[in-house]
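Enquirer: when you get a sec, could you give me coordinates for this:
(chains A and B)
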Amino acid sequence: MREIHVDTIRDTVRTLCIDAACVLPDDVVGALQTARQREESPVAVKVLDQILDNADLARDEMLPLCQDTGTTVLFLDIGQDVHVTGGDLHQALAEGVNAGYGEGHLRASMVDRPFSARTNTKDNTPPIVHTEIVLGDRVRIQVMPKGGGCENMSRFTIMLPGAGKQGITDFVLRTVDESGGNSCPPLIVGLGVGGTAEHAMYIAKRALTRKVGDPNPDPEQAEFEAELLKAVNALGVGAQAVGGTQTALAVHMNTHPTHIASLPVAVNLQCHSARLKEAIL
Amino acid sequence: MPLCPPQGGNPLSETAVERQIRLPLTEEDVSTLHTGDYVFLTGPVYTARDAAHRRLNEALAKRDELPIDIRGQVLYYVGPTPAKPGQIIGSAGPTTAERMDGFTVPLLDAGLRGAIGKGGRSPEIAAAFKEHRAVYFLAVGGAGALLSKQISEVEVVAYEDLGTGAIRRLELDGFPVIVCNDIHGGDLLRDGKAAWRKSAG
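Expert: Numbers count the residues shown, from 1 in each chain, chains lettered A, B, ... in the order given. This is a model prediction of the structure:
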């Protein structure tokens, strides 16, 4: 049984929050550069140039890429041979977010009493925490600062079991099209198919943690992702919805077996500022 | 001067121009700005997000004096990050304009001349901008670090308790925006998508 002290977890989350807010992952930058080369619309090229210049500046000066430093979504894959010591894991995660957002001068965007007073919690806590117990004696922590603009445009439905690829395609296209500029394209489209209502959205969000450009390991899904990406880019929405050929950088799907009566489909959109940082303890 | 050589039959690229504008907007500015124009703004704007919009609307409904003179002014929909030591403002890109739609007509009636945000407006609000001879500009969402460099002065002028959502007076210095809704009926999101959409096949 390997022991990991909560203070280590807290300090790791703190650092990841700051780095994630200011440094765009290399795979996302690479995908944006490719989109810039492929884009034919002159207005969209201007937009993509600004997005790429912004990423350089934010990294060089450690400034937040976007003023919306997001809801802090944490994915923890906890090895079953790990013993967390020294206190409450969830409290440590919140303390890490508090420290990261404070010391990093990041915007606190979380409000309590969401349907009434909407009082800012002042330190971006609480984070949204997803834990999975996995084999081994390590802990992987991923921090995803998730912007409100794209999260607001995410959608879920449960289709008839026979709706198949056509039904899913229509739903993905409608979701991206209706999101317009609100979701800040070019997007990464997270798609979760199967499971139950809550699990479909979870696997859709988790699909956003796959590196852009890494193929889906399942050949059938990889082919479907490519078809969906082509169809999304044919919409003409373009970067910031000014019109163009590069509406999405990638479509990432995850599936899960589902009930014989169901076909849950979740679309979790990620903006071009697809911030994600991870550490393995 | 065309923004770019005409390409692919896109009507926007053939007419769009790049220009500098000093705020506040003049009647000549609004009548000569066209959808797709790439504009560098210099001069004052006021920031406001949803909560400030709600309060401005409440004040107008009660016929109270507004905390800022909005006549002829441009609103920027932004809630910046806190400034780091040595900075005057943190990252400061646009937020979603659609959330302001329900609060925008009373402000146009009160003399608002323009707004900067991201994403489209409802058809009703787009029509209201046109009717009031006001212009809606896009700034690039997610370029908040870059855009913050084109802001030279910052002063909180109202609703300080709203924190990031307080009304600030910003002095812009060559701040890049794109005309989305002009007074001639153009709409960049509608027209741009129509120009680049490919039929299914």
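Enquirer: what residue is smack in the middle of chain B?
Expert: B:Ile116 (1.0 Å; C-alpha atoms, centre = their mean).
Enquirer: surely that one touches B:Thr95?
Expert: No - using C-beta atoms under 8 Å as the test, B:Ile116 is too far from B:Thr95 to be in contact (10.2 Å). Placement of C-beta: from N, CA and C, glycine included.
Enquirer: quickly list what's touching both of those two.
Expert: Shared contacts of B:Ile116 and B:Thr95, defined by C-beta atoms under 8 Å, 6 or more residues apart in numbering or on different chains, comprise B:77-78.
Enquirer: list the contacts of whatever residue of chain B ends up closest to chain A.
Expert: Of all residues in chain B, the one sitting closest to chain A is B:Gly192 (2.1 Å; C-beta to the nearest C-beta). Counting by C-beta under 8 Å, 6+ apart, B:Gly192 touches A:41, A:43-44, A:236, A:238, A:241-244, B:12, B:36.
Enquirer: now which of the residues you listed would you call buried?
Expert: Neighbour-count burial (16 or more other C-beta atoms under 10 Å in any protein chain shown) is assigned, among the contacts of B:Gly192, to A:41, A:43-44, A:236, A:238, A:241-244, B:12, B:36.
Enquirer: run a quick neighbour tally on the residue in the stretch 1-150 of chain A positioned nearest to chain B.
Expert: With C-beta to the nearest C-beta, the shortest gap between the stretch 1-150 of chain A and chain B falls at A:Pro42, namely 3.6 Å. The number of residues packed near A:Pro42 is 24, by other C-beta atoms under 10 Å in any protein chain shown.
Enquirer: now do the one 10 residues further on
Expert: Applying other C-beta under 10 Å, we find 19 other residues in the vicinity of A:Leu52.
Enquirer: and it, what are its phi and psi?
Expert: For A:Leu52, the backbone dihedrals (degrees, to the nearest 10) come out as phi -70, psi -40.
Enquirer: same deal with A:Asp214?
Expert: phi -70, psi 130.
Enquirer: list the contacts of it.
Expert: A:Asp27.
Enquirer: now for the helix or strand bottoming out on mean pLDDT in chain A, which elements pack on it?
Expert: Scoring the helices and strands of chain A by mean pLDDT, DSSP states H and E places strand A:119-120 at the bottom, with a mean of 92. On a contact count with 3 or more C-beta pairs under 8 Å, 6 or more residues apart in numbering or on different chains; DSSP states H and E, strand A:119-120 meets strand A:111-112.
Enquirer: what about B:Pro44, how many neighbours?
Expert: 15.
Enquirer: and A:Leu173, how far is that from A:Thr157?
Expert: 13 Å (C-beta to C-beta, to the nearest Å).
Enquirer: sorry, that was for A:Ala92
Expert: 37 Å.
Enquirer: next: A:Glu132.
Expert: If you go by C-beta to C-beta, the gap between A:Glu132 and A:Thr157 works out to 25 Å.
Enquirer: so what's the closest residue to chain B within chain A closest to, chain neighbours aside?
Expert: Closest contact between chain A and chain B, by C-beta to the nearest C-beta, is at A:Gly243 (2.1 Å). Spatial nearest neighbour of A:Gly243, chain neighbours left out: B:Gly192 (2.1 Å); criterion: C-beta to C-beta, 6 or more residues apart in numbering or on different chains.
Enquirer: helix, strand or coil for that neighbour?
Expert: Secondary structure assignment for B:Gly192 (DSSP: H, G, I helix; E, B strand; the rest coil): helix.
Enquirer: now do it, the pLDDT please.
Expert: At B:Gly192, the pLDDT value in this model is 94.
Enquirer: how much space between it and A:Val242?
Expert: Applying C-beta to C-beta, the value for B:Gly192 to A:Val242 is 5 Å.
Enquirer: which neighbours do those two share?
Expert: Common neighbours of B:Gly192 and A:Val242 (criterion: C-beta under 8 Å, 6+ apart): A:41, A:43-44, B:36.
Enquirer: right, and the pair among those with maximum separation?
Expert: Pairwise distances among the shared contacts of B:Gly192 and A:Val242 were taken by C-beta to C-beta; the largest, 10.9 Å, belongs to A:Ala44 and B:Gly36.
Enquirer: identify the contacts common to the two.
Expert: A:242, B:192.
Enquirer: so which residues of chain B form helices?
Expert: Using DSSP state H, the helices of chain B run over residues B:11-15, B:27-32, B:50-61, B:101-109, B:123-131, B:144-148, B:188-196.
Enquirer: please apply the same query to the stretch 101-250 of chain A.
Expert: A:148-152, A:164-179, A:197-207, A:219-233 (DSSP state H, counting those that start in this stretch).
Enquirer: closest one to A:His259 among those helices?
Expert: It's helix A:197-207; of these, that one is closest to A:His259 (C-beta to C-beta) at 10.8 Å.
Enquirer: what residues of the closest one count as buried?
Expert: Buried, per 16+ other C-beta under 10 Å, within helix A:197-207: A:199-207.
Enquirer: would JSON lines of these with pLDDT be doable?
Expert: Putting these into JSON lines (pLDDT from 0 to 100) gives the following:
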{"residue": "A:His199", "pLDDT": "98"}
{"residue": "A:Ala200", "pLDDT": "98"}
{"residue": "A:Met201", "pLDDT": "98"}
{"residue": "A:Tyr202", "pLDDT": "98"}
{"residue": "A:Ile203", "pLDDT": "98"}
{"residue": "A:Ala204", "pLDDT": "98"}
{"residue": "A:Lys205", "pLDDT": "98"}
{"residue": "A:Arg206", "pLDDT": "98"}
{"residue": "A:Ala207", "pLDDT": "98"}
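Enquirer: which one of these sits closest to A:Glu61?
Expert: For these, the residue nearest A:Glu61 by C-beta to C-beta is A:Lys205; the value is 29.6 Å.
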